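**Q** Model the following, please.
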Amino acid sequence: MKKYLFLLAILLVGKTASHAQAAYDSKIDYQKTSINSAAIELAYSQDVSEDAIKDYMAKKGFKNSSSKGFIVFRGAKLDSSDSESRDLYFKIDKKKKEKDISVISLFSTKPNIDVLVKDSTDNGQTDKAKIFLNNLVPYIDAHNLEVQIGSQQEVLKKAQKKQNSLANEQADLEKKLRKIQADLDQNKIDQATQTQAMQNNVNQDADATKKANKKMGKLLDDQSSLQKKQRNTQQDLDDNKKDQDIQQKEVAKQQQILDVLISKRKS
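**A** Below is the predicted model of the structure:
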């Protein structure tokens, strides 16, 4: 188990690092026009990257809109030291043949100016966009970690729910077993009573004897049926306890995975 968790921790830490690279110069199509942009590849799905960017900008007070397939934040800044604001255009695409890697592209324009207007995307802004994307990576990492923690909490919750269900099932089986045992005990008492009654009325007529034998036969059949139920219920109970042992280990494993994820949170 410890070896498994150690390997898991390496995997979680290494997932981003294995695809980490600095933002680079790129070009992106906007209404059939090629626009200079900055881009970066991250080992996260489109949804994670997009949600992280929206959350990051929202916390800075910027609402997102959409335009021609781009996510747009108007009146923002690529650099906090800039004296003028810009409109930021993000595009998040899935890298071809690699569904868990997203390509984030970014360019900016002067506020409220059509992208295709000449000089709307000033020279020199791409370098700032690359810095912006590089600085965004730790936030996306943290956002993805929270997504993983949330997902793992759901996995743990389901495992615990199954564990509780098995515990409840055990209680029901034990109750059922006690009821069967009580019925068997009563059946033995009824058989003894019927046997004594038959001995006391050994000279009874044929019909009475027939009825007494029939009643005893039924008691014996009931005993056989109850013993079968007892064996089956005991087997179900034994199987349940084995399942609980397995599930308890599963819950412990999922809890440890969650603990590993939570330990990666930066204070």
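**Q** Would you map the helices across this protein?
**A** 2-17, 46-59, 125-200, 206-263 (DSSP state H).
**Q** Work out the gap between the second one and the centre of the chain.
**A** Relative to the mean C-alpha coordinate of its chain, helix 46-59 is positioned 20 Å out (C-alpha atoms, centre = their mean, to the nearest Å).
**Q** right, so the helices of the chain: which one is the most enclosed?
**A** helix 46-59 (a mean of 17; mean count of other C-beta atoms under 10 Å). Every residue, glycine included, has its C-beta placed from N, CA and C.
**Q** residues making contact with that one?
**A** 42, 44, 64, 71, 73, 76, 88, 90, 92-94, 102, 104, 136, 139-140, 143-144, 147 (C-beta atoms under 8 Å, 6 or more residues apart in numbering).
**Q** Would you reformat the helices of the chain as TSV and include distance to residue 108 and mean pLDDT?
**A** Formatted as TSV, those follow (distance: least, C-beta to C-beta, whole Å; pLDDT from 0 to 100):
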stretch	distance to residue 108	mean pLDDT
helix 2-17	25	51
helix 46-59	13	94
helix 125-200	5	95
helix 206-263	35	94
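**Q** And these: which comes nearest residue 83?
**A** Minimum separation from residue 83 across these (C-beta to C-beta) falls at helix 125-200, 13.0 Å.
**Q** Which elements pack onto that closest one?
**A** Counting contacts by 3 or more C-beta pairs under 8 Å, 6 or more residues apart in numbering; DSSP states H and E, helix 125-200 is packed against helix 2-17, strand 24-30, strand 33-42, helix 46-59, strand 98-109, helix 206-263.
**Q** neighbouring strands for the fifth one, and are they parallel or not?
**A** Next to strand 98-109 in the sheet, as set by DSSP bridges, lie strand 33-42 (antiparallel), strand 86-95 (antiparallel).
**Q** Sort out which residues of it are buried, please.
**A** For strand 98-109, burial by neighbour count (16 or more other C-beta atoms under 10 Å) applies to 101, 102, 103, 104, 105, 106, 107, 108, 109.
**Q** Okay, domains of this protein per the record?
**A** Annotated domains of the chain cover 17-153, 154-263 [automatic domain parsing].
**Q** Now residue 181. Nearest residue, chain neighbours left out?
**A** residue 230 (7.0 Å; C-beta to C-beta, 6 or more residues apart in numbering).
**Q** just to revisit the earlier point, let's have the strands paired with strand 98-109 in a markdown table, adding mean neighbour count, mean pLDDT and distance to residue 126.
**A** Listed next are the strands paired with strand 98-109 as a markdown table, based on neighbours: other C-beta atoms under 10 Å; pLDDT from 0 to 100; distance: least, C-beta to C-beta, whole Å:
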| stretch | mean neighbour count | mean pLDDT | distance to residue 126 |
| --- | --- | --- | --- |
| strand 33-42 | 19 | 91 | 5 |
| strand 86-95 | 21 | 92 | 12 |
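**Q** now these as CSV including distance to residue 183?
**A** Listed next are those as CSV, based on distance: least, C-beta to C-beta, whole Å:
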stretch, distance to residue 183
strand 33-42, 65
strand 86-95, 64
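**Q** For residue 160, which of those strands is the nearest?
**A** strand 33-42 (32.4 Å).
**Q** what's next to the closest one, contact-wise?
**A** Strand 33-42 has contacts (C-beta under 8 Å, 6+ apart) with 16, 19-29, 49, 95, 101-107, 115-116, 121, 126-127, 129-130, 132-134, 137, 140.
**Q** For the nearest residue in space to residue 79 that is not next to it in sequence, give its distance to residue 105.
**A** Leaving aside its sequence neighbours, residue 79 sits nearest to residue 128 (C-beta to C-beta, 6+ apart; 5.4 Å). For residue 128, the distance to residue 105 equals 14 Å [C-beta to C-beta, to the nearest Å].
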